[in-house]
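Colleague: predicted coordinates and the sequence they were generated for:
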Amino acid sequence: MAIKKEEPAPEATEAQVLDFLRRNPDFLKKNPELLAVLTPPARVLGDGVADFQHFQLKNLQKNTESLKGRYDVLVDFCRDNLSVQGQVHDAVLRLICAHTLEQLLEVITLDLVSLFDVDVVRLAMESEGAELYDTFYGEHNYSGIVFVPPGTSQGLLAGKKALLVEDATLNPSVGFDEIFADCAGLIQSFALLKLEMERTPRTVMLAFGVRYKDRFHPGQGLDLLTFLARIVAHQLDRYLSEMGV
């Protein structure tokens with residue numbers, strides 16, 4: 001049995017639309033969003049006379065479009081923020097569950113890499129004997145501990161608790177090559193956070209590096225990253241002080 005193919009409904013004619021609007025004079029009042037897409041008529045009022053009604057309606061349409069664009073950006077920002085929030089919560093749970101220094105370092109240098117989808121996570125420790133340590137990492141994992149000269153944090157952070165760099169290739173910061181030793185050429189943007197430790201007399205920084213520009217940028221929110229750094233600092237301070245380091 002042959003099934004008759006349904007034909008698309010014919011489009012309404014201009015006369016039908018006009019007839020509908022005449023019979024429903026409050027249609028635009030009930031559907032004001034149409035004002036943002038309809039083209040308003042311009043009245044001819046004579047030389048030197050502007051049609052302010054036409055101007056206001058066009059301006060309303062532009063403002064509506066701009067507001068929609070800002071709303072879309074806000075929605076995207078909130079989604080990204082929620083995603084990062086979930087990653088930070090997961091990371092904090094893993095950091096808290098680490099029962100030894102070795103487990104803690106494993107979480108920092110392995111778990112944080114996968115959780116935040118970054119290429120490198122480094123713990124940069126300032127040391128008088130930094131030049132005596134030969135930093136070497138394999139191709140498959142550049143994350144780990146690196147020793148840097150005293151004053152590196154002050155030179156990079158200048159008293160701030162965090163630094164976000166969107167393009168590391170434009171103006172490499174002093175100390176950048178030391179922190180990302182063996183992989184500085186890979187890193188395009190990075191985040192650097194100072195770890196505040198009470199019992200351990202060491203200056204330590206937590207660094208995230210990625211191979212993409214703009215992944216970290218100065219306009220980015222710092223609350224979640226700062227919170228993560230506080231947890232890392234607390235746990236690291238705890239185990240280092242127990243070892244007398």
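Modeller: Thanks, I have it.
Colleague: with adjacent residues omitted, what lies nearest to Lys161?
Modeller: The spatial neighbour of Lys161 that comes closest, neighbours along the chain excluded (C-beta to C-beta, 6 or more residues apart in numbering), is Lys194 at 5.2 Å. C-betas here are computed from N, CA, C, even on glycine.
Colleague: how about the secondary structure of that neighbour?
Modeller: Using DSSP: H, G, I helix; E, B strand; the rest coil as the criterion, the local structure at Lys194 reads strand.
Colleague: what ranges do the helices span in this protein?
Modeller: Shown for the chain, the helices assigned by DSSP state H span residues 14-23, 27-30, 52-96, 101-106, 112-115, 152-157, 176-179, 223-243.
Colleague: gap between the residue nearest to Lys161 and Asp26?
Modeller: Distance, Lys194 to Asp26, by C-beta to C-beta, to the nearest Å: 63 Å.
Colleague: do the same with Thr226
Modeller: With distances taken as C-beta to C-beta, Thr226 is found 54 Å from Asp26.
Colleague: more crowded one of the two?
Modeller: Thr226 (13 against 7; other C-beta atoms under 10 Å).
Colleague: thought the more buried one was touching Leu193?
Modeller: Yes - checked against C-beta atoms under 8 Å, the pair Thr226 and Leu193 is within contact range at 6.8 Å.
Colleague: between the two, what contacts are shared?
Modeller: Common neighbours of Thr226 and Leu193 (criterion: C-beta atoms under 8 Å, 6 or more residues apart in numbering): 161-162.
Colleague: report the buried residues of stretch 152-165.
Modeller: 152-153, 156-157, 162-165 (16 or more other C-beta atoms under 10 Å).
Colleague: adding pLDDT and distance to Gln85, write those out as CSV.
Modeller: Putting these into CSV (pLDDT from 0 to 100; distance: C-beta to C-beta, whole Å) gives the following:
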residue, pLDDT, distance to Gln85
Thr152, 88, 30
Ser153, 88, 27
Leu156, 86, 27
Leu157, 87, 24
Ala162, 89, 17
Leu163, 89, 21
Leu164, 88, 17
Val165, 89, 23
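Colleague: let me know the closest of those to Arg238.
Modeller: Closest to Arg238 out of these is Ser153 (20.7 Å), distances taken as C-beta to C-beta.
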